[in-house]
Each structure stands twice: as structure tokens, then as C-alpha cells.
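>>> prediction below, plus the sequence it came from.
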Amino acid sequence: MIGNFAKPLLVIEDSDEDFEALCRVMKREAVVNPVFRCTDGDEALDFLYQTGAYSDRQKSPRPAIILLDLNLPGTDGREVLAQIKQDEDFKYIPVVVFTTSSNPKDIEICYRSCVSSYMLKPIDINRLLETIRGFITYWLDIVILPDAVSK
């Protein structure tokens, strides 16, 4: 069994295929963290601020870690990252960018915004699954995540 027990993972990902691959690997690795998904930046901000469809705290707990795609419809991942890292309540939540963008400007912007890690999504399915396993092993098994309960 892998995972920081009961510490929620927020996945902000618009690709159903990438999200399904993540869920398959998490199931195979017996990850115990609850997983919540938002498919665009606006939905993610509603989730974090518990507004709109996410006003029920049970349906939108404070995440202990965020897996963020940059290329999202509407409010993109760069804007979501900037908002998270400027907010006193959220800036200490580790954000791992998981994206197809290898643009040096994106990488620099993300690290300047204090992203915890920047991972490229490989196109090859076997490499993608290997990368997801690496994320799970490091971020959900090895790393000690902050307490997900808001202060």
C-alpha cells in the first residue's frame, strides 16, 4: 500500500486519457490517497476556494499536493499556479507540473512561481506509465506531505 494516508491529491488535468492512465497506475500501486479531479483552471480555483459546485467541504477538501497540467482550457495552468502561490492559504501546497510543454519559458516561469517539480508527459505510453510511477513513488510514498487540514 502506497500513499500518505488520507492526504488528498488534486489532479488538474483536461485529458481523459492521461487521467485514466494515472488512475490505472495508482490502482495497480495500491495508492490510498483520495484523488479529486478538475478539468480546467476555473474549476480548479472553485475547488480550492470551495465556491460554486465545490462549496461542500466534503467534496472539495484542501489538497495536500496538486498535480497540474499547464495547457488547460479557460484559465490555464500557469494562471492557476500563479494564483496558488500568491495565496497565503495555498502557497505551501506542493504543486507538481505535469505537462507536454518543454518550452524553456514555461519551465522558468513555473520554477520562479515556486513549483515543487516540473515533469514532462511522454508521448510513448510505456514512458508515460513509468513517469506516473515515478511521481507516485516519490510524491506519495517517499515525501512527507504537509497536513491537508486548513488552519
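Sure thing, it's come through. Numbering: from 1, shown residues only.
>>> where do the strands of this protein begin and end?
With DSSP state E as the definition, the chain shows strands at residue ranges 9-12, 35-38, 65-68, 95-99, 117-120.
>>> Throw those into CSV and include mean pLDDT and mean neighbour count, thanks.
For the C-beta atoms, the positions are set from N, CA and C on the backbone; glycine is no exception. Listed next are those as CSV, based on pLDDT from 0 to 100; neighbours: other C-beta atoms under 10 Å:
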stretch, mean pLDDT, mean neighbour count
strand 9-12, 97, 26
strand 35-38, 96, 19
strand 65-68, 98, 25
strand 95-99, 97, 23
strand 117-120, 97, 16
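>>> so which of the ones you listed is nearest G134?
Closest approach to G134 among the strands of the chain (C-beta to C-beta): strand 117-120, 7.9 Å.
>>> counting contacts, what elements does the closest one pack onto?
Judged by 3 or more C-beta pairs under 8 Å, 6 or more residues apart in numbering; DSSP states H and E, the packing partners of strand 117-120 are strand 95-99, helix 104-112, helix 125-135.
>>> tell me the strands beside it, with direction?
Taking DSSP bridges as the criterion, strand 117-120 sits next to strand 95-99 (parallel) in its sheet.
>>> shaky segments in this structure?
Confidence mapping of the chain against pLDDT under 70 gives the ranges 1, 3-5, 148-151.
>>> outside of the lengthiest helix in it itself, list whatever touches it.
When every helix of the chain is counted residue by residue (DSSP state H), the longest turns out to be helix 16-28. With C-beta atoms under 8 Å, 6 or more residues apart in numbering as the contact definition, helix 16-28 has outside contacts at 11, 13, 33, 35, 37, 67, 69, 98, 121, 125, 128-129, 132-133, 136.
>>> state the pair within these that is farthest apart.
Considering C-beta to C-beta, no two members of the contacts of helix 16-28 lie farther apart than N33 and I125, which are separated by 23.2 Å.
>>> my guess is D106 contacts L68, does it?
No - between D106 and L68 no contact is recorded; they are 11.7 Å apart, counting by C-beta atoms under 8 Å.
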